[in-house]
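> Provided below are the primary sequence and the corresponding predicted coordinates.
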Number of protein chains: 2
Amino acid sequence: MKSAIFVKAGQVAIKDIEKPRIEADDDVIIRVVRSCVCGSDLWAYRGLSPKEEGSHNSGHEIIGIVEETGSAINTVIPGDFVIAPFTHGCGHCAACLAGFEGGCQSHDRASNFSSGYQAEYVRYTHADWSLIKIPGKPSDYSQGMLASFLSLADVMPTGYHAARVANVTKGDTVAVVGDGAVGLCAVIAAKMRGAKRIIVMSRHKDRQDLALEFGATDIVAERGEEGIKKVLELTNGAGVDAALECVGTELSTETAIAIARPGAVVGRVGVPHGDAINFNQYFMNNIIFAGGPASVTTYVKGGLLDAVLKGEINPGKVFTKSYDLDAISAAYEDMDERKTIKSMIKMED
Amino acid sequence: MKSAIFVKAGQVAIKDIEKPRIEADDDVIIRVVRSCVCGSDLWAYRGLSPKEEGSHNSGHEIIGIVEETGSAINTVIPGDFVIAPFTHGCGHCAACLAGFEGGCQSHDRASNFSSGYQAEYVRYTHADWSLIKIPGKPSDYSQGMLASFLSLADVMPTGYHAARVANVTKGDTVAVVGDGAVGLCAVIAAKMRGAKRIIVMSRHKDRQDLALEFGATDIVAERGEEGIKKVLELTNGAGVDAALECVGTELSTETAIAIARPGAVVGRVGVPHGDAINFNQYFMNNIIFAGGPASVTTYVKGGLLDAVLKGEINPGKVFTKSYDLDAISAAYEDMDERKTIKSMIKMED
């Protein structure tokens, strides 16, 4: 079968590799209908994170059709249409019960996260609790709805995670740092949770427009010190009730901290890059620092899938271009160059 | 009037200094009835934090009688019996409204915290919203009740802060790292908020006994790696729902993080000492880091005073020895040597 491979920094390619098989009782083989490129995939593509040359792609977001199930799988059968979360929780350990399956205590870390999913088929590990069934079949839905289902494998729940760990509640003033697909989904999440004011830090017109469509009330185009000053001005010097950090760089993290009022939460979902933040210096201001890998199954089963099915939210709009698997290079390149917010890989109609 | 002064590391003394006077419209002069020594005062006493030699004492916890009020004071009149919180919020900025007056945005940091309160009289700045009136007069109450009122100036609300920022809720399994007065008050707070299980890390028999009286369910006497192992064993390997860090050292902070399950909050109220914690390494486990100076007025008006008046909680028991102001050296020395959990300074009967 065809799969994208990571050739080296700046280069991905398609290779014929062996089709995956059931290896464990709780595996499921999925035929991929839609896959995509994640902002986090770009770290290695840009040479900023180490990744072995010639290794499988780091794609981890798909929707697809169940092809085969291991003997311990009770929740799906071949033919089911599913969302495959990038987290693979067990559903019954203390971490999963608390709604933090990204830290599932039943599985080792490597098998608890997806990888290699820019491919025709994937082996989905620890599938029983994690996989989410979508009613019907792909042809029952519009292209836009399929895109929104795909966003539920990572980017929408990740944006939601930022808002949840930051305790965004009715009436809050929230700032979203970062206008990538996750930041834009964090806008949707902040609105779902009742935020009164949603300030988005974004320098790009297409993303600003989508942020406003998703519910943003203010756009701040400035960055660094200027951006901080602007957000503080917008909040009468007080700072925001919740700062959603959706990038992961030092600059974005320091910005999120600086615009948070005393006692506010910095909800961070951008995988941290760069030097450590010296958190002790924020003690006097009671800044709360929360975040990590999202709780995909928890949020999707808990309401996000319903909200998509009812048309209440349209997170699939973050996919502004789509590609065949054979065009994987362009999918990475365009996203890297910000020609698309997020690249979708369309495996079948 | 008599006041304790900080002579140098390891030495405090009594000096005659000028009695304070009203300097600002929102000042109140208080005649001190009870004062005390704080665990945080010991950092300078032990030579571990810089403090100017010959400067005023760092005491910041009193109850007393209002002697004189500035022209902007509406909430108290001379003769009122009051608790003087160590935080001096305005009550109407975004930080105070959110219940984080330790970060009050109306006052500069220096004037937002008490200091120099091991003395016969104090000038209490920004008093109008912050000061808390106690019904009646000191002679209406038992010695134990007076001790509990005194604990409401800092140590009990600080313990409560750890539990609040850690979102301790009904049924939680909580660990308290540190068996000082704040840690013991954190046990009371965790119990008030409905924790089902309260594990206290303590090596001292007197403190273990008081922790159990306050509601602890398990004691772990081991420290460091051994202590972590023990707490994990007690929680079937899962870790605790909330870890209340009540010391402020690197060891105690690393311990609190290590015993927290994924998605748990480390509520820290020990003023951080030692090197920075590299928080980025806890991203994958979704560990939440919260805390800072407590919200004294918010918590005391919000229920802690009522709980003391009704005899539901007895935080004053952390004062295991009391001293005249003239015996201030012994008050510091005994607390430093753990001969008392917390030293009370009794200014009048």
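Thanks, I have it. Residues are numbered from 1 along each chain as shown, chains lettered A, B, ... in the order given.

> isn't residue A:280 right up against residue B:278?
No. At 10.9 Å, residue A:280 does not count as touching residue B:278 under the criterion of C-beta atoms under 8 Å. The C-beta positions use only the backbone N, C-alpha and C, and glycine is treated the same way.

> which ones are touching the nearest residue to residue A:173 once chain neighbours are set aside?
Leaving out its chain neighbours, the residue that sits closest to residue A:173 by C-beta to C-beta, 6 or more residues apart in numbering or on different chains is residue A:197, at 4.3 Å. Counting by C-beta atoms under 8 Å, 6 or more residues apart in numbering or on different chains, residue A:197 touches A:172-174, A:217-218.

> need those residues in TSV with neighbour count, secondary structure and pLDDT, can you?
Below are the contacts of residue A:197 laid out as TSV (neighbours: other C-beta atoms under 10 Å in any protein chain shown; DSSP: H, G, I helix; E, B strand; the rest coil; pLDDT from 0 to 100):
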residue	neighbour count	secondary structure	pLDDT
A:172	20	coil	98
A:173	24	strand	98
A:174	31	strand	98
A:217	17	coil	98
A:218	17	strand	98
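
> what does the stretch 201-349 of chain A put close to chain B?
A:235-239, A:241, A:261-265, A:268, A:271-272, A:276-293 (C-beta under 8 Å from any C-beta of the partner chain).

> again, 6 Å this time
Residues of the stretch 201-349 of chain A found near chain B (C-beta under 6 Å from any C-beta of the partner chain) are A:238, A:261-263, A:272, A:276-280, A:283, A:285-286, A:288-290, A:292.

> Write a ChimeraX command that selects only the buried members of those.
To isolate the buried subset of those in ChimeraX, counting by 16 or more other C-beta atoms under 10 Å in any protein chain shown, use the following:
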select /A:238,261,262,263,272,277,279,280,283,285,286,288,289,290,292
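
> Quick check: which element contains the residue in the stretch 151-300 of chain A positioned nearest to chain B?
Relative to chain B, the nearest point of the stretch 151-300 of chain A is residue A:262 (2.4 Å; C-beta to the nearest C-beta). Taking DSSP states H and E as the definition, residue A:262 sits inside strand A:260-268.

> Enumerate the positions of stretch A:296-310 that are buried.
A:296-301, A:304-305, A:307-308.

> Between the two ends of it, how far is it?
From its first residue to its last, stretch A:296-310 covers 19 Å (C-alpha to C-alpha, to the nearest Å).

> next one: stretch A:233-241
End to end - C-alpha to C-alpha - stretch A:233-241 spans 14 Å.

> where do the helices sit along the stretch 1-150 of chain A?
A:41-45, A:94-97, A:127-130, A:143-151 (DSSP state H, counting those that start in this stretch).

> For chain B, find the nearest of the ones you listed.
helix A:94-97 (3.5 Å).

> name the helices or strands packed onto that closest one?
strand B:260-268 (3 or more C-beta pairs under 6 Å, 6 or more residues apart in numbering or on different chains; DSSP states H and E).

> From the rest of the structure, what touches the strand it packs on?
A:94-95, A:98, A:100, A:103, B:162, B:165-167, B:238-239, B:241-245, B:256-257, B:285-291 (C-beta atoms under 6 Å, 6 or more residues apart in numbering or on different chains).

> Please flag which of those sit within helices.
A:94-95, B:162, B:165, B:256-257 (DSSP state H).

> Residue A:211: which of these is nearest?
The nearest member of the ones in helices among the contacts of strand B:260-268 to residue A:211, counting by C-beta to C-beta, is residue B:165 at 30.3 Å.

> Could you report the neighbour count for the closest one?
27 (other C-beta atoms under 10 Å in any protein chain shown).

> Could you pull out the buried residues of stretch A:15-27?
A:17, A:19-20, A:22, A:26-27.

> Looking at those residues, which is nearest chain B?
Distances from chain B to the buried residues of stretch A:15-27, taken by C-beta to the nearest C-beta, are shortest for residue A:26, at 20.2 Å.

> Surely the closest one and residue A:70 touch.
Yes. Here residue A:26 lies in contact with residue A:70, judged by C-beta atoms under 6 Å, at a distance of 5.4 Å.

> list the contacts for the residue in the stretch 51-200 of chain A that chain B sits nearest to?
Here the residue of the stretch 51-200 of chain A nearest chain B is residue A:103; by C-beta to the nearest C-beta that distance is 2.4 Å. Residue A:103 sits next to A:95, B:262, B:285-286 when contact means C-beta under 6 Å, 6+ apart.

> Would you check these and say which has the weakest pLDDT?
Ranked by pLDDT, the contacts of residue A:103 bottom out at residue B:285, which has 92.
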